[in-house]
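Asker: Sequence first, then the predicted structure, then my questions.
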Amino acid sequence: MGPSLRPAATTPWWRNRRVVPFAVQAAAGLVVLVVVAFLLGNLVRNLTAAGLLLSWSWLDNPAGFDLAESSIPFSASQPYWLALLAGLVNTLKVVVVGLVGATLLGTAVGSAAFSSNGLLKRLARGYVELVRNIPLLLQLVFWYFVVFLALPNGVNAIQLPGLVLAKSGLYLGWFGEGWQWQLPQLTGGVWHAPLRLSVEFGALLTGLVVYTAAFIAEVVRGGIAAVPQGQWEAAHCLGFSPLVTLQRIVMPQALRVIVPGLNSQYISLAKNSSLAVACGYTDLYSVAETTLNQTGRAVEVVVLLLGSYLVIDLLISALMNGLNAAVQLKER
Amino acid sequence: MPALLSPLGPAPSRWKRLRSELFGSRVDGLISIALGAALVAIAFGLLKWTLFQAQWAVIQANSTLFAVGRYPIEQQWRLWLLTALLAAATGLSWGLLRALPRDQPSGQRWPFNDRLAAGVLVALALAVPLWLQLSLAIQLRWWGITALVLVLRWALARWGSDVPRRIQRLVPLLWPGLYLVGMVLISGGLGLIQVAPAQWGGLLLTLVASSFAILLCFPLGLVLALGRRSELPLLRWGSVVYIEFIRGAPLITLLFLGQNILGFLLPGGLAPDRVWRAAWVLTFFAAAYVAEALRSGLAAVPRGQLEAAQSLGMTMPQSLVQVVLPQALRVALPAVVGQFITLLQDTTLLSLIGLLDLLGTARAVMANPAFLGKSAEVYLVLAVLFWGCCAALGLGSRALETRLNPSEQARYQR
C-alpha cells in the first residue's frame, strides 16, 4: 500500500469532512459560551453591586398603585403579583375578543376579493393596502386620541341599537338580573348598562382588529385562491349560489391552507396587544412597566414578561395545531 | 362562467366591462350604488375637512422638529449637504440604469413609470414647501435638490453609455460609501462637531434607526438562516433557539430589555447610548424574522444544486455563495422586503421608550398646550408619510422581482 492510495493523507485538514464540521461547531460553541459567560458574569457583578440580586420575594409586597381597569378585584394595598395577574387577564381579554373580531372581519374582506362586484373587490384590496402600510402604533393612537376620545357624552352620545358609544365608555345591551335583556339607559346624564367597556379597551380592540384583519384577509385570499377554479365551476353547474359555494364547498378546502397562516397572525395579534400602553389600557406590559419603575427589579420583570408572552404564543399554537389536524384532508 | 361561454368576438369595450363588473346583477347593482355613495360621502367629508376645517399650523410651526428634531441649527448644513449628496447619487444611479443597453428594448429613455415618478417629484417639490410655508431660502434649496436629481437623471440617461465601464461599475459602490459619509455627517467626528444621538429626532431618527437595522439585520439573518438549515447540530440548535426566542417575544418587551438590562450585561460605561441600544435591539429583532424569510428561499433551492456544486469540487462557502444563495435570494426577495417594511413601521415603537422618532416628536408636539386637540392633523400627516414610504418600498420590491426574473416576466404582465 503506497501513500498515494490513502486520500486522507493528501486532503488538507481544512477540507477534511471529518475535521471541519467538528472544528466549526467547536469554534461557534466556544464563541457563544464565552459571550454568554461574559454577559452573565457582568450581570451578576452589576446586580450584586446594585443590591438587586435575583429574588422573587418582592412580588408579595403591596403594589401601592391602582389599576385603571381590572377584571379581578384589585386595590393598591394588594401585592405585585396580583397586579401583574390583573394585567395578564386584561391582555387575555383583549386578545381573545380581538382574535374573534379580526377573524370575522378578515374572512369577510378576504372573501370580498372574489366578489363578482368590481367595486367591492377593489375596496377589499384598497383596505388591505391602506392598513398594512401604516404602522400599527400610529393606528392605535389615531383610534384612541382622534376617534374614541372625541366621542360625545351624555345625551349626545352615539346611540346604535343595543350599543351606546360615549366618551365615558362603550355601553352594550346584555342580560342583566334574572337573564332579562337590558338596554343601555341614560339616568341623570350618565349612561348605565349591564356591560361597560372602557374607551381604552375599545380603541385597542378596534386598532388590533382592523390591523390584523388586513393580514388575515391576505391569508384567506391566498387560501381561497389555492382552491382550483373547477370547484367553483362544478358548484355553479350544480346550481349552488356563489355564497353557498364559498361556504359549503370552497371554504372547507381553503381552510387547509388558511389555518397554518392564521396561526402566525394570531400570535402576532397577541404580541401586538402589548402596544396597549399607547392608548392607556392597563395590559400586562403597562403593569410591568410601572412595577419596574417602582421596584427597579429589571431582570425579574423582563423574565416574567417574556415568559408570559411565550406561554400565550404556545397556547395559541397548540390550539391552532389542533384545529389544523381537524381540517386536514383525512386519507385512508 | 359567462365569459367562458360567450363566443369569440371583439374584446368588450372598457365601458361595457365596467358595466358588467358593477351592475352584472340586481344585487351587484345595489351593492355598487350603496358602496359608491358611501365612498363619495367619505371622500367628500375628508376633502372638506382637509381644505376648510383642519388647522395645519401645528405642522407648519413644527416642520423642522418633525424633520430633524433638536438637531443644532448651526450644524444643519450637514444634513442639507447629505440630502444633496443623496439626491445626486439617486439621479446618477437612476440615469445610468436607463442608459444601460439591456433596459432599452424599445429605445425609450423616459418610460412611462419614469415620467410619472419625475412628475410626482416635481409636484411634491413645488407643493409641499409651499404648503409648509417654508421660508424662500429653504424652498429654493428643495427646488435645487429636485433639479439636481432630474438633471443628473437626464444627463446620465443621455450620455451614460459613453461613460467607461470601469467607472460605471463603481456606481453601486457609491451607496455604501455614501452611507458611511452620511453617518459621519450626522453624528460628527473627523473634524466635525459631535452631535449626540439624543439630539437627533423626527424623520432623521426614524431613518437612521431603520436604515441601520435594515443594513445589519440582513447579514445577521443570513447567518441565522444558514445555521438553521445546517447539518451541524450545534449551529442548527443555536439558530433555532435564537430565532424562536426572538419571534416569541413582543418587540416592545425586547426594547424594554435593551433599555433596562443592557446596562447590567456590559461592564460599566461600555453600554451604548439609548438611541443606539434601541437601534441594536431593532437589528437583532429583525434578524430573526429576516432569517425565516431567507430560510423559505433556501428551502426553494433544490438539494441537487448544492450536491452538484460540491461534486464539481467547490468548497461549502463557494457553493453557497456562487450557486445556492443567488437562487435563494431571488425567491426570498419579496418576503425580505416585507420584513424591511415592517421594520420601518416598527421604528414607531421607539416613541414608547421615550425616544423622539417621528411618532415621539408628534406626541411631544401635541403635549404643547398651543397645539392641544390637533392630533387628527398630525396623525394624518404621519400616516401619509409612512404609507408613502412603505408603498414605495413595496413597489420597488415588485419591480426588482420582475427584473431579476426575466423568464417569468410574461406571467406577471397582465
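Answerer: Structure received.
Asker: make it CA atoms for all contacts and neighbour counts henceforth
Answerer: Fine.
Asker: need the contact list for A:Cys279.
Answerer: A:140-141, A:144-145, A:200, A:203-204 (C-alpha atoms under 8 Å, 6 or more residues apart in numbering or on different chains).
Asker: and these as a markdown table, adding pLDDT, distance to A:Gln231 and secondary structure?
Answerer: Putting the contacts of A:Cys279 into a markdown table (pLDDT from 0 to 100; distance: C-alpha to C-alpha, whole Å; DSSP: H, G, I helix; E, B strand; the rest coil) gives the following:
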| residue | pLDDT | distance to A:Gln231 | secondary structure |
| --- | --- | --- | --- |
| A:Leu140 | 93 | 40 | helix |
| A:Val141 | 92 | 44 | helix |
| A:Tyr144 | 92 | 44 | helix |
| A:Phe145 | 89 | 47 | helix |
| A:Glu200 | 91 | 45 | helix |
| A:Ala203 | 92 | 41 | helix |
| A:Leu204 | 94 | 39 | helix |
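Asker: who wins for most neighbours among those?
Answerer: For the contacts of A:Cys279, the largest number of neighbours (other C-alpha atoms under 10 Å in any protein chain shown) sits with A:Leu204, at 29 neighbours.
Asker: okay, now the residue in the stretch 51-200 of chain B that chain A sits nearest to: neighbour count?
Answerer: Nearest to chain A, among the residues of the stretch 51-200 of chain B, is B:Ala54, at 12.8 Å (C-alpha to the nearest C-alpha). Around B:Ala54 there are 14 other residues, counting by other C-alpha under 10 Å.
Asker: Write out the residues of the stretch 201-350 of chain B neighbouring chain A.
Answerer: Within the stretch 201-350 of chain B, the residues that sit near chain A (C-alpha under 8 Å from any C-alpha of the partner chain) are B:232, B:234-235, B:248-253, B:256-257, B:260-261, B:264-267, B:315, B:341, B:345-346, B:348-349.
Asker: Can you give me the distance of B:Gln305 to chain A?
Answerer: 19 Å (C-alpha to the nearest C-alpha, to the nearest Å).
Asker: Show the contacting residues for that residue.
Answerer: Applying C-alpha under 8 Å, 6+ apart, the residues contacting B:Gln305 are B:323-324.
Asker: related to what we said a few turns ago, looking at the contacts of A:Cys279, spot the one nearest A:Leu104.
Answerer: Of all those, A:Leu204 has the smallest distance to A:Leu104: 17.0 Å, by C-alpha to C-alpha.
Asker: Please, where are all the strands along the chain?
Answerer: Defaulting to chain A. Secondary structure of chain A (DSSP state E): strands located at A:158-160, A:163-166, A:169-172, A:174-175, A:181-182, A:185-187, A:190-192, A:195-197.
Asker: Chain B is the one I meant
Answerer: Taking DSSP E as the criterion, chain B carries no strands.
Asker: Show me it divided up by domain.
Answerer: B:18-52, B:72-194 (automatic domain parsing).
Asker: For these, which has the smallest mean pLDDT value?
Answerer: Among the domains of chain B, domain B:72-194 has the lowest mean pLDDT, at a mean of 81.
Asker: Look at that domain and report the distance between its end residues.
Answerer: Start and end residues of domain B:72-194 are separated by 10 Å (C-alpha to C-alpha, to the nearest Å).
Asker: pLDDT weak spots in the stretch 151-300 of chain B?
Answerer: Along the stretch 151-300 of chain B, segments meeting pLDDT under 70 span B:268-269.
Asker: which stretches of it form helices?
Answerer: Per DSSP state H, counting those that start in this stretch, the stretch 151-300 of chain B carries helices over the ranges B:165-168, B:171-187, B:202-228, B:233-248, B:251-260, B:262-265, B:274-299.
Asker: re the thing from before, ok, now which ones touch the residue of the stretch 51-200 of chain B closest to chain A?
Answerer: B:Glu377.
Asker: ok, the longest helix along chain A near chain B or not?
Answerer: Looking across chain A with DSSP state H, the single longest helix is helix A:80-112. No: shown here: helix A:80-112 not in contact with chain B (C-alpha under 8 Å from any C-alpha), separated by at least 11.9 Å.
Asker: Wait, A:Gly118 touches B:Glu21, no?
Answerer: Yes: between A:Gly118 and B:Glu21 there is a contact under C-alpha atoms under 8 Å: 4.9 Å.
Asker: Contact residues of the stretch 151-300 of chain A facing chain B?
Answerer: Counting by C-alpha under 8 Å from any C-alpha, the stretch 151-300 of chain A sits next to chain B at A:233, A:271-272, A:274-275, A:278, A:285, A:298-299.
Asker: picking up where we left off before, from the chain's centroid, how far away is the longest helix of chain A?
Answerer: Its chain's C-alpha centre and that of helix A:80-112 lie 7 Å apart, by C-alpha atoms, centre = their mean, to the nearest Å.
Asker: Run a quick neighbour tally on B:Gly160.
Answerer: Neighbours around B:Gly160, by other C-alpha under 10 Å: 22.
Asker: For B:Pro337, which non-adjacent residue is spatially closest?
Answerer: Residue B:337: Val, not Pro. B:Ser397 (6.5 Å; C-alpha to C-alpha, 6 or more residues apart in numbering or on different chains).
Asker: before we move on, what about B:Ala332?
Answerer: B:Gly297 (4.4 Å).
Asker: what's the answer for A:Val20, then?
Answerer: That would be A:Trp14: by C-alpha to C-alpha, 6+ apart, it lies 6.1 Å from A:Val20.
Asker: cool, B:Val223 as well?
Answerer: Per C-alpha to C-alpha, 6+ apart, closest to B:Val223 is B:Ala291, 7.8 Å.
Asker: Identify the residues contacting that neighbour.
Answerer: Counting by C-alpha under 8 Å, 6+ apart, the residues that B:Ala291 touches are B:220-225, B:243.
Asker: can you rerun that using 6 Å?
Answerer: Neighbouring residues of B:Ala291 by C-alpha atoms under 6 Å, 6 or more residues apart in numbering or on different chains: B:221-222, B:224-225.
Asker: of all these, which comes closest to chain A?
Answerer: Using C-alpha to the nearest C-alpha, the contacts of B:Ala291 come closest to chain A at B:Leu224, 12.4 Å.
Asker: count of residues packed around the closest residue to chain A within the stretch 101-250 of chain B?
Answerer: Residue nearest to chain A within the stretch 101-250 of chain B: B:Pro250 (4.8 Å; C-alpha to the nearest C-alpha). Look at B:Pro250: counted by other C-alpha under 10 Å, it has 24 neighbours.
Asker: Next one: it from A:Asp313, what distance?
Answerer: Applying C-alpha to C-alpha to B:Pro250 and A:Asp313 gives a distance of 10 Å.
Asker: same thing with A:Ala28?
Answerer: In terms of C-alpha to C-alpha, A:Ala28 sits 29 Å off from A:Asp313.
Asker: okay, those two: which has more neighbours?
Answerer: A:Asp313 (22 against 14).
Asker: residues near the spatially closest residue to that one that is not a sequence neighbour, how many?
Answerer: Excluding its sequence neighbours, the residue lying closest to A:Asp313 (C-alpha to C-alpha, 6+ apart) is A:Ile267, at 5.6 Å. Neighbour count for A:Ile267, taken as other C-alpha under 10 Å: 25.
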